[in-house]
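Colleague: sequence and predicted model, in that order:
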Amino acid sequence: MALSKSLEELCQKAIKLGAAEAKIIKANDIVVRDWVRLKCQYGCSEYGKRLTCPPYSPTPEQMRKILSGYSSAILLRFEPTWKNVHRVVAELERGLLSGYYSAFGLASGPCPFCKKCNLRNCIHPELARPSMEAYGIDVYATARGAGFTIEVVRTRKEKPKYFGLLLAI
């Protein structure tokens, strides 16, 4: 199966699973910036409490190297009320693995599957996906570059848009 057809089918599947939109993007359009992890460290109450988050996750420098091995990705947008970004990303990753064994999914925000993460050994490795922000991915710049509208959330009353990313090949 051709990669573009396979990725297009996954975009349709993503929408069926709950994504509001799914777009194929070039891996080199994913923006990685060193300062993004600071937002995790000095803004997220889950910092250091999840294996999928810093300081356990790869650094932005490592992510740049990882991205150099990919050419395509799928960027997913979810409505503010959607809560299963990690599940959808994990399912899409599994769907792509049969033809593209290098597929890897990333979600947004801390992993939601355990109240308290077992920092020695993940008990949900089939579902837990790291956050894009943990790897230094500038979700705002990446989403805007793909044509999505995304605004900064300034208060806890405002509802953010959620994004997921599937690195394909």
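Modeller: That came in fine, so what should we check first?

Colleague: what about Leu76, which SS state?
Modeller: On the three-state scheme (DSSP: H, G, I helix; E, B strand; the rest coil), Leu76 is labelled strand.

Colleague: test my guess that it contacts Phe163.
Modeller: Yes. Shown here, Leu76 and Phe163 form a contact pair, counting by C-beta atoms under 8 Å, at 6.2 Å. Glycine gets a C-beta too; all of them are placed from N, C-alpha and C.

Colleague: mutual contacts of those two, please.
Modeller: Taking C-beta atoms under 8 Å, 6 or more residues apart in numbering as the contact rule, the neighbours common to Leu76 and Phe163 are Val85.

Colleague: mean pLDDT per helix and strand in this protein: which one sits at the bottom?
Modeller: Lowest on mean pLDDT, DSSP states H and E among the helices and strands of the chain sits helix 3-17, with a mean of 88.

Colleague: how far does that one sit from the chain's center?
Modeller: Helix 3-17 sits 16 Å away from the centroid of its parent chain (C-alpha atoms, centre = their mean, to the nearest Å).

Colleague: buried set for it?
Modeller: By 16 or more other C-beta atoms under 10 Å, the buried positions in helix 3-17 come out as 6-7, 10-11, 13-14, 17.

Colleague: residues contacting Ala22?
Modeller: Ala22 neighbours (C-beta under 8 Å, 6+ apart): 10-12, 14-15, 74-77.

Colleague: one more time with 10 Å, if that's ok
Modeller: Contact analysis of Ala22 by C-beta atoms under 10 Å, 6 or more residues apart in numbering lists 7-8, 10-15, 74-78, 88, 92, 164, 166.
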